[in-house]
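Participant: Quick one, what's the 3D model for this:
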Amino acid sequence: MSGIVAEIPLLILLAAAGFTLLAGFVKGAVGFGMPMLMISGLATVLPGEVALAALILPTVVSNTYQALRQGWRVAWEATWRFRVYLLVMLCVLSLSAQLVTVLSPRALFVVIGLPVVLFSVMQLVGWRPNLKPENRLRDEAAVAGVAGFFGGMSGVWGPPTVAYLTAIDTPKADQMRVQGVIYGLGAVVLVVAHLRSGVFSAHTAPLSALMLVPAVLGMVVGTWAHDRMDQAAFKRITLVVLVLAGLNLLRKGLLG
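Facilitator: This is a model prediction of the structure:
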């Protein structure tokens, strides 16, 4: 063992692996949730910046697999279709990552969690947002800016993205692929950004590499479960996971 791994007690490493295994399963099943679940779980046993560093490599690998699962051609089609979202999110994410050591993580968790919970609960009870096709570029840019801002500082940019894709009734297969592309490119930018911020370094990288094992195992099982879901079940489960993730973010923000 090297880097920070050698400094962490075995029980804490096992707990971190357990959180990551669960995060990998959810990621495979609904296409998102790994950074949210990892940061919320790991931060209970590790310092916040160490938890953020640990999720970086599993996020890159899992999203690359998700984006390319059906080949390069369909991945490129998804990239082109959501090019505005990607450009805005990646630019904002790169800039906001430099604020990670300045702003309060607890305040960030509340600001992310509250709208996610409200939106998801309203969707579950039957409310549908009125997003007009002629306003798509505006809507995409706005949601992407929010996702990138919070993603750079917390490693969590999934909730706004999933909320938007769910709101425009993206088909299950397309949503999984688009999420993989968006999160995968975002994760690559996150690596570069946090190399600059100092969060991801030679000291913390070994822990992130170690978390790849439970992340991949969990995702394999989760993907098996995903392939057996229909569109309606997928959407309901996605919204339930969003509610739970948002409530957990609120808990962390309000209670620490």
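Participant: show me what contacts residue 168?
Facilitator: Contact criterion CB atoms under 8 Å, 6 or more residues apart in numbering gives residue 131 as the residues in contact with residue 168. Heads up, the C-betas are built off the backbone N, CA and C, glycines and all.
Participant: Please apply the same query to the one 4 residues further on.
Facilitator: Neighbouring residues of residue 172 by CB under 8 Å, 6+ apart: 229-231, 234-235.
Participant: So for the helix or strand bottoming out on mean pLDDT in the chain, what gets flagged as buried?
Facilitator: Lowest by mean pLDDT, DSSP states H and E among the helices and strands of the chain is helix 105-124, with a mean of 75. Of all the residues in helix 105-124, those buried under the rule 16 or more other CB atoms under 10 Å are 105, 108-109, 111-113, 116-117, 119-121, 123.
Participant: Okay, angle between whichever helix or strand comes after it and helix 105-124 too, please.
Facilitator: Downstream of helix 105-124, the next assigned helix or strand under DSSP states H and E is helix 136-154. Per axes from the mean of the first three to the mean of the last three CA atoms, to 10 degrees, the angle that helix 136-154 makes with helix 105-124 is 140 degrees.
Participant: if we can go back for a sec, residue 37: which of the contacts of residue 172 is nearest?
Facilitator: Closest approach to residue 37 among those (CB to CB): residue 234, at 18.0 Å.
Participant: For that closest one, give me the backbone phi and psi.
Facilitator: The phi/psi pair for residue 234 (degrees, to the nearest 10) reads phi -60, psi -50.
Participant: Next, find the distance separating it from residue 240.
Facilitator: Per CB to CB, to the nearest Å, residue 234 is found 11 Å from residue 240.
Participant: Looking at those two, which one has more neighbours?
Facilitator: Counted by other CB atoms under 10 Å, residue 234 and residue 240 do not tie: residue 234 has more neighbours, with 20 against 14.
Participant: check contacts around the closest residue to residue 200 other than its chain neighbours.
Facilitator: In space, and not counting its chain neighbours, residue 200 is closest to residue 194: 4.0 Å by CB to CB, 6 or more residues apart in numbering. Listed by CB under 8 Å, 6+ apart, the contact set of residue 194 reads 52-53, 56, 97, 100, 200.
Participant: re earlier: neighbouring contacts of the least confident helix or strand of the chain?
Facilitator: For helix 105-124, the external contacting residues (CB under 8 Å, 6+ apart) are 48, 150, 153-154, 156, 159-160, 163, 166-167, 236, 239-240, 242-243, 245-250, 252-254, 256.
Participant: rerun that using 6 Å as the cut-off
Facilitator: By CB atoms under 6 Å, 6 or more residues apart in numbering, the list of residues contacting helix 105-124 from outside reads 48, 150, 153-154, 159, 163, 239, 242-243, 246-247, 249-250, 252-253.
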